[in-house]
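Participant: Model the structure of this input:
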Amino acid sequence: MSADRSPLRALLVEDNPDDAALILHALRRGGFDVEHLRVETAEDLRDAIARGSWDVVIADYTLPAFTGPQAFVIARQERKNLPFILVSGAVGEETVVEAMRQGIDDYLMKDNLRRLPGAVERAIQASQEHRQRKQAEEAIRRRDAILLAIGLTAKRLLAAEDWRAEIEEVLAQLGRAAQVGRAYLFSMRSEGHALATQQAEWVAPEVKPRSASADFQDFDMEGMGFGAWADAFREGHPIHGFVRDFSPEARSHLESWDVTSIAIVPIMVEGTLWGTIGFDVCHEDREWSTVEIEALRIAADTMGAAIKRAEAKAHLRRQVEHLNALRRIDRAIANSLDLQLTLDVVLDQVTGQLGVEAASVLLLNPYTQQFEFTAGRGAFDSAFRAAPVRMGEGHAGRAIIERRPVQVPDLRVASAEGSRESSMPRGLASYYALPLIAKNEVKGVLETFCGPSVECTEEWRDFAATLARQAAIAIDNAQMLTQLTQSNTDLRLAYETTLEGWSRALDLRDNDT
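Facilitator: Have a look, this model is predicted:
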């Protein structure tokens with residue numbers, strides 16, 4: 001026997017301490033380091049199996065309270081495939097055959113216990129092979145169920161205008177197919193650290209949901225001990241296994257979420273990590289097979305394709321909407337001589353296309369050299385409307401003097417009492433100001449006030465800059481038209497004054513003249 005094997009945990013169902021000692025002696029002579037417990041009743045047997053992890057049960061055929069075959073039935077009820085060996089004195093051949101027919105692994109006579117070590121090894125090996133075969137069959141069934149769930153949901157997911165409308169049902173079908181307690185989808189972004197945000201979740205009835213937790217919004221993976229996971233996801237590798245095998249920091253978090261076994265597969269969109277799809281086994285140990293992980297990879301690839309297609313559709317739809325918005329502004333510039341009306345059209349497109357809660361335009365007063373509130377959309381109080389802006393003062397003044405956009409990510413930060421910023425609309429998440437520049441002159445400022453749902457992406461900022469350029473053109477055209485009108489009026493007045501002067505001169509002439 002191998003000297004480095006783990007101790008054999010043997011449960012002895014035996015009423016005679018001397019017979020139990022003979023069994024232990026035979027096992028030790030066979031090379032086993034034995035840890036054992038002896039029980040005599042059915043109740044003690046049930047309790048011992050429930051509380052301990054046993055490698056083998058060795059039972060006497062005849063006991064005062066019950067029989068060895070009855071002990072076998074109890075053992076298999078409590079834990080399937082637990083190796084079970086009967087030992088007895090002289091019995092008939094029919095008794096041995098009947099015991100083996102019931103599924104007992106081996107039957108030994110007490111006067112031939114030298115066969116016991118070999119019988120135990122064979123029983124344990126057979127149990128392990130049966131368990132592995134059972135696990136493989138279950139893994140294949142789960143794999144097939146996952147693939148079937150993907151097939152049922154893929155068409156609907158790929159055809160959806162917005163994949164978010166279908167994702168919860170997809171997670172429900174995948175979670176049931178994988179026989180897990182929780183299935184969920186995270187998106188990921190990087191701002192120095194990998195930040196993960198849960199987008200959707202499905203949980204089994206007996207599992208506590210966590211979708212309402214703020215902990216899973218911008219979850220800092222490196223900071224929470226999952227840095228190695230983030231690196232693996234970026235390279236397209238899944239993470240799976242028993243929670244007990246992970247690092248202590250990661251294990252503590254997972255155990256607090258009632259996770260015992262986990263599988264997470266990255267979702268790649270055009271070769272870049274978009275997010276992950278995860279599956280938690282709760283309240284039981286389960287090993288993830290290769291075939292199951294491959295099926296989950298297919299699910300992640302399908303989800304990545306659906307997200308890519310949906311985002312391409314959304315991007316195209318936004319481009320069309322943006323072009324239509326610019327056309328409306330161009331039409332307003334061409335058809336209207338009223339600057340106020342044109343600015344109203346611009347602000348309608350700003351709030352509609354950028355999704356902001358409020359927006360305003362400040363224009364330069366040439367007499368005071370201050371920028372004043374000229375047009376707005378949203379809830380602005382009178383103090384905010386009346387407050388002028390000087391170059392370099394406040395957020396808008398900084399955008400003017402620096403001639404570039406200024407972003408304030410958090411409007412909740414308190415401003416100086418009495419300042420224009422202290423009168424800004426509250427309850428909004430962020431602020432974004434763009435200088436309105438035409439012919440290299442700053443004509444004004446476009447201010448936007450964003451709610452929590454608005455994400456200032458690069459595409460968002462680019463279109464905001466385009467709208468600001470259109471607004472600057474509209475302002476410049478209106479101001480140029482105003483100047484031309486004023487010049488024309490001044491010329492007409494000058495011409496009329498000249499004619500009047502000539503007329504008076506003619507009235508003063510005499511006959512000699």
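
Participant: Now for this structure, the helix or strand with the poorest mean pLDDT.
Facilitator: Among the helices and strands of the chain, helix 93-102 carries the lowest confidence by mean pLDDT, DSSP states H and E, at a mean of 73.

Participant: For Leu116, pull up the helix or strand it's in.
Facilitator: When secondary structure is defined using DSSP states H and E, the element that contains Leu116 is helix 116-159.

Participant: that older thread, CA atoms only for the least confident helix or strand of the chain - export them in PDB, please.
Facilitator: As requested, the backbone C-alpha atoms of helix 93-102 are provided in PDB (Å, rounded to 0.1, in the frame of the first residue of the first chain):
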ATOM      1  CA  GLU A  93     -24.400 -19.000  -0.600                       C
ATOM      2  CA  GLU A  94     -27.900 -17.700  -1.300                       C
ATOM      3  CA  THR A  95     -27.500 -15.000   1.300                       C
ATOM      4  CA  VAL A  96     -24.200 -13.800  -0.300                       C
ATOM      5  CA  VAL A  97     -25.800 -13.800  -3.800                       C
ATOM      6  CA  GLU A  98     -28.800 -11.800  -2.600                       C
ATOM      7  CA  ALA A  99     -26.600  -9.300  -0.800                       C
ATOM      8  CA  MET A 100     -24.500  -8.800  -4.000                       C
ATOM      9  CA  ARG A 101     -27.700  -8.500  -6.100                       C
ATOM     10  CA  GLN A 102     -28.900  -5.600  -3.800                       C
END
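
Participant: other SSEs contacting that helix?
Facilitator: helix 68-78, strand 106-109 (3 or more Cβ pairs under 8 Å, 6 or more residues apart in numbering; DSSP states H and E). C-beta coordinates here come from the backbone N, C-alpha and C atoms, glycine included.

Participant: Report the distance from that helix to the chain centre.
Facilitator: The gap between where helix 93-102 is centred and where its chain is centred comes out at 57 Å by Cα atoms, centre = their mean, to the nearest Å.

Participant: Could you check the angle it makes with helix 68-78?
Facilitator: Direction vectors for helix 93-102 and helix 68-78, defined by axes from the mean of the first three to the mean of the last three Cα atoms, to 10 degrees, enclose an angle of 0 degrees.

Participant: So what touches helix 93-102?
Facilitator: Applying Cβ atoms under 8 Å, 6 or more residues apart in numbering, the set of residues contacting helix 93-102 from outside is Tyr61, Gly68, Pro69, Phe72, Leu86, Tyr107.

Participant: What is the nearest of these to Arg318?
Facilitator: The nearest member of these to Arg318, counting by Cβ to Cβ, is Phe72 at 69.1 Å.

Participant: Give me the pLDDT for the closest one.
Facilitator: Reading off the confidence values, Phe72 has pLDDT 90.

Participant: who's in contact with it?
Facilitator: Taking Cβ under 8 Å, 6+ apart as the definition, contacts of Phe72 comprise Val57, Ala59, Phe84, Leu86, Ala99, Gln102, Gly103, Ile104.

Participant: Report all helices and strands that the helix holding Leu116 contacts.
Facilitator: Packed against helix 116-159, as judged by 3+ Cβ pairs under 8 Å, 6+ apart, are the following elements: helix 17-29, strand 56-60, strand 84-88, strand 106-109, helix 164-178, helix 290-335.

Participant: centre of the chain versus it, how much separation?
Facilitator: What separates the centre of helix 116-159 from the centre of its chain is 28 Å, taken as Cα atoms, centre = their mean.

Participant: go on, stretch 290-300?
Facilitator: Counting by Cα atoms, centre = their mean, stretch 290-300 comes out at 19 Å from the chain centroid.

Participant: Stretch 365-377 now?
Facilitator: Using Cα atoms, centre = their mean, the mean C-alpha position of stretch 365-377 is found 44 Å from that of the whole chain.

Participant: Could you tell me which residues within that stretch count as buried?
Facilitator: Using 16 or more other Cβ atoms under 10 Å as the test for burial, stretch 365-377 gives Gln370, Phe371, Glu372, Phe373, Thr374, Ala375, Gly376, Arg377.

Participant: In JSON lines: these, plus secondary structure, distance to Arg234 and pLDDT.
Facilitator: Putting the buried residues of stretch 365-377 into JSON lines (DSSP: H, G, I helix; E, B strand; the rest coil; distance: Cβ to Cβ, whole Å; pLDDT from 0 to 100) gives the following:
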{"residue": "Gln370", "secondary structure": "strand", "distance to Arg234": "50", "pLDDT": "87"}
{"residue": "Phe371", "secondary structure": "strand", "distance to Arg234": "46", "pLDDT": "90"}
{"residue": "Glu372", "secondary structure": "strand", "distance to Arg234": "50", "pLDDT": "88"}
{"residue": "Phe373", "secondary structure": "strand", "distance to Arg234": "47", "pLDDT": "89"}
{"residue": "Thr374", "secondary structure": "strand", "distance to Arg234": "48", "pLDDT": "87"}
{"residue": "Ala375", "secondary structure": "strand", "distance to Arg234": "46", "pLDDT": "87"}
{"residue": "Gly376", "secondary structure": "strand", "distance to Arg234": "44", "pLDDT": "86"}
{"residue": "Arg377", "secondary structure": "strand", "distance to Arg234": "41", "pLDDT": "86"}
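
Participant: got the contact list for Gln70?
Facilitator: The neighbours of Gln70, taking Cβ under 8 Å, 6+ apart as the test, are Ala42.

Participant: returning to what we had before: of the contacts of Phe72, closest to Arg327?
Facilitator: Distances from Arg327 to the contacts of Phe72, taken by Cβ to Cβ, are shortest for Gly103, at 79.8 Å.
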